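Asks: Give me a model of this one.
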Amino acid sequence: MGTSVADGTQALAATRESTRRGRRRFWRDSRRRRVLALADAMAVIVSGVVVWASGAPPEDAAVIVLFIPGWLIVAKVLGLYDRDHRSIRWLTIDELGRIVGLALAGTALLATVLLVLNVKELTASAELRLWVVVAVSVFAFRVATRAVWRGMTPPERALILGEGPLADATRRKLELFPDIHVDVVAARESWSPDDLRVHDELLDEVDRIIVASPTLDERLLAEVIAVTRARQVKLSVVPPVRGMLGTAVQLSHVADLPFIEYHTWDTSRTTLVGKRILDVTVSCVGLVLLSPLFLAIAVAIRLSGPGPVLFVQQRAGRGGRPFRMLKFRTMEDGADNRLGEFVDIGELEEPAFKLRDDPRVSTIGRLLRRTSLDELPQLVNVVRGEMSLVGPRPEQVEIVEQYTPEQRFRLSVKPGLTGPMQVYGRGALRFDERLAVERDYIENVSVGRDLHILALTIVPVLRRRGAY
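Replies: Numbering: from 1, shown residues only. Reported below is the predicted structural model:
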């Protein structure tokens, strides 16, 4: 009897210690949830002001603001405060659908409550305005809030367990995506539970363990999970069968049994039609709205020196078929004929190259490249059907001729104005990393993914990272 009481006391003490450690380690997540809730409340207040400023009665704005607790409850039900800490990388764009759902459900709930209480009734136009304004405001406030949170909160401290290419790739991803907000403070090649217990003090210094080992035993992993749960340390595992799984897979479950489903079928016609509709619509609207900017850039280029406004070059399209790609000229006139002075395409170790600090680039050209404005004429290529808004970037024909059969997969779709390379590292990516993110895109093409990449393109363009 005494033994069971002692065991119970020890278990209770262990539980309390685990809870204490969890509170100490997970304070970042608690702060993020609080500031996101504050951001949502501020977004609702701004929405009420905007609805009032657009012509609605002041009492409508007051009702919208007073219903803040309802908005926050709906956000909680939709999981808008519980996703960041479950993923090593989670962006506001990843929850766009939930934000739209919050705006719709919150507006409907507010209208229902007012109807039941017989307080007042929102007009249909007011409900529509409210839905749109709340969705836009919540998205904008959450983007800003996550940026502020990263600025005021120290990054998580991570321990990488593993060695070889998988561990190196893990480090590389943490370097390429600072929004993950994780710093690697230690690394160990050995990662058995006994090793972890030996490094007890080290576990007290880290918030997350990332297993990136070329071998992964189920029993061993279960023990590591037990250790990290006991110590309240986050655990992320990079599958060692990365090459075997590829990117065209998804995980599903039948009861407790997981299934890995391989995407081995063609992209549906409806997806391709939807992608083309998106291409034509956005490109035509963009050409109209950006026409004053086009004119200003053209004037600046002509004033910068002799030569045409547009630079036209043969690039490889879908299936390797050449087409004439348009860009604003960023180099001195005739610079394309001087390429041999700087690089010998026939002697490249891999079929890709980028010249940093290219002396042929003009002053105005350097600005256009940094802001990616030189690529805007390719909207014409998109309308023509030679390119898509999203896809692998078009490469020179001479470069494509050097592709191995394994590398020609990137020619199976139309090249894009933007694409996975532009949002996952731009010029900072090595060629193998570029191929990896492009394969992931090609094997999982969808209209939703195109919209996702288009939205993600905004940040790297504004930050000008990897552009030269």
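Asks: Per-residue pLDDT of M244, please?
Replies: We have a pLDDT of 56 for M244.
Asks: And the strands in the stretch 151-300 of the chain?
Replies: Ranges of strands in the stretch 151-300 of the chain, per DSSP state E, counting those that start in this stretch, are 156-161, 182-188, 208-211, 234-237, 249-254, 257-262.
Asks: helices or strands up against the fifth one?
Replies: Right, the one you point to is strand 249-254. strand 257-262 (3 or more Cβ pairs under 8 Å, 6 or more residues apart in numbering; DSSP states H and E). Every C-beta, even on glycine, is put in place using the N, C-alpha and C of the backbone.
Asks: neighbouring strands for the strand it packs on, and are they parallel or not?
Replies: strand 249-254 (antiparallel) (DSSP bridges).
Asks: quick one: average confidence on the strand it pairs with?
Replies: For strand 249-254, mean pLDDT rounds to 73.
Asks: List the buried residues in that strand.
Replies: Residues of strand 249-254 include none that count as buried (16 or more other Cβ atoms under 10 Å).
Asks: Using PDB, write out every CA atom in it.
Replies: This file holds the C-alpha atoms of strand 249-254, laid out as PDB (Å, rounded to 0.1, in the frame of the first residue of the first chain):
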ATOM      1  CA  VAL A 249       2.200  12.000 -51.700                       C
ATOM      2  CA  GLN A 250      -0.400  12.600 -49.000                       C
ATOM      3  CA  LEU A 251      -1.100  10.800 -45.700                       C
ATOM      4  CA  SER A 252      -4.500   9.300 -45.000                       C
ATOM      5  CA  HIS A 253      -5.800   7.000 -42.300                       C
ATOM      6  CA  VAL A 254      -8.100   4.000 -42.100                       C
END
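Asks: right, and the strands of the stretch 151-300 of the chain - which one's nearest L456?
Replies: strand 182-188 (19.2 Å; Cβ to Cβ).
Asks: Show me the domain layout of this protein.
Replies: Domain assignment for the chain by automatic domain parsing gives 24-152, 156-245, 269-463.
Asks: how about JSON lines for those domains, with mean neighbour count and distance to A255 added?
Replies: Formatted as JSON lines, the domains of the chain follow (neighbours: other Cβ atoms under 10 Å; distance: least, Cβ to Cβ, whole Å):
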{"stretch": "domain 24-152", "mean neighbour count": "17", "distance to A255": "22"}
{"stretch": "domain 156-245", "mean neighbour count": "16", "distance to A255": "18"}
{"stretch": "domain 269-463", "mean neighbour count": "17", "distance to A255": "26"}
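Asks: pretty sure I88 contacts D179?
Replies: No - with contact defined as Cβ atoms under 8 Å, I88 does not reach D179; the gap is 10.7 Å.
Asks: mind listing what the nearest residue to Q402 once chain neighbours are set aside touches?
Replies: Take Q402 and drop its neighbours on the chain: the residue closest to it by Cβ to Cβ, 6 or more residues apart in numbering is P351, 4.2 Å away. Each residue near P351 by Cβ atoms under 8 Å, 6 or more residues apart in numbering is listed here: E395, I399, V400, Q402, Y403, Q407, F431.
Asks: okay, those residues in TSV with distance to S137, secondary structure and pLDDT next?
Replies: Compiled in TSV, those are given as follows (distance: Cβ to Cβ, whole Å; DSSP: H, G, I helix; E, B strand; the rest coil; pLDDT from 0 to 100):
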residue	distance to S137	secondary structure	pLDDT
E395	41	strand	91
I399	45	helix	89
V400	45	helix	90
Q402	50	coil	89
Y403	47	coil	90
Q407	45	helix	90
F431	41	helix	88
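Asks: Can you pick out the most distant pair from those?
Replies: V400 and F431 (13.2 Å).
Asks: one step back: what's the closest of the strands of the stretch 151-300 of the chain to A300?
Replies: Nearest to A300, of all the strands of the stretch 151-300 of the chain, is strand 182-188, at 41.5 Å by Cβ to Cβ.
Asks: Need the contact partners of the closest one.
Replies: With contacts defined as Cβ under 8 Å, 6+ apart, strand 182-188 is touched by 88, 155-161, 167, 171, 174, 195, 199, 202, 205-206, 208.
Asks: right, and E127 touches T107 too?
Replies: Yes - using Cβ under 8 Å, E127 makes contact with T107 at a distance of 5.4 Å.
Asks: re earlier: looking at the contacts of P351, spot the one nearest L251.
Replies: Looking across these and measuring by Cβ to Cβ, the closest to L251 is Q407, at 28.1 Å.
Asks: Let's have the strands of the stretch 151-300 of the chain in TSV, adding distance to Q313.
Replies: Listed next are the strands of the stretch 151-300 of the chain as TSV, based on distance: least, Cβ to Cβ, whole Å:
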stretch	distance to Q313
strand 156-161	42
strand 182-188	40
strand 208-211	42
strand 234-237	43
strand 249-254	37
strand 257-262	38
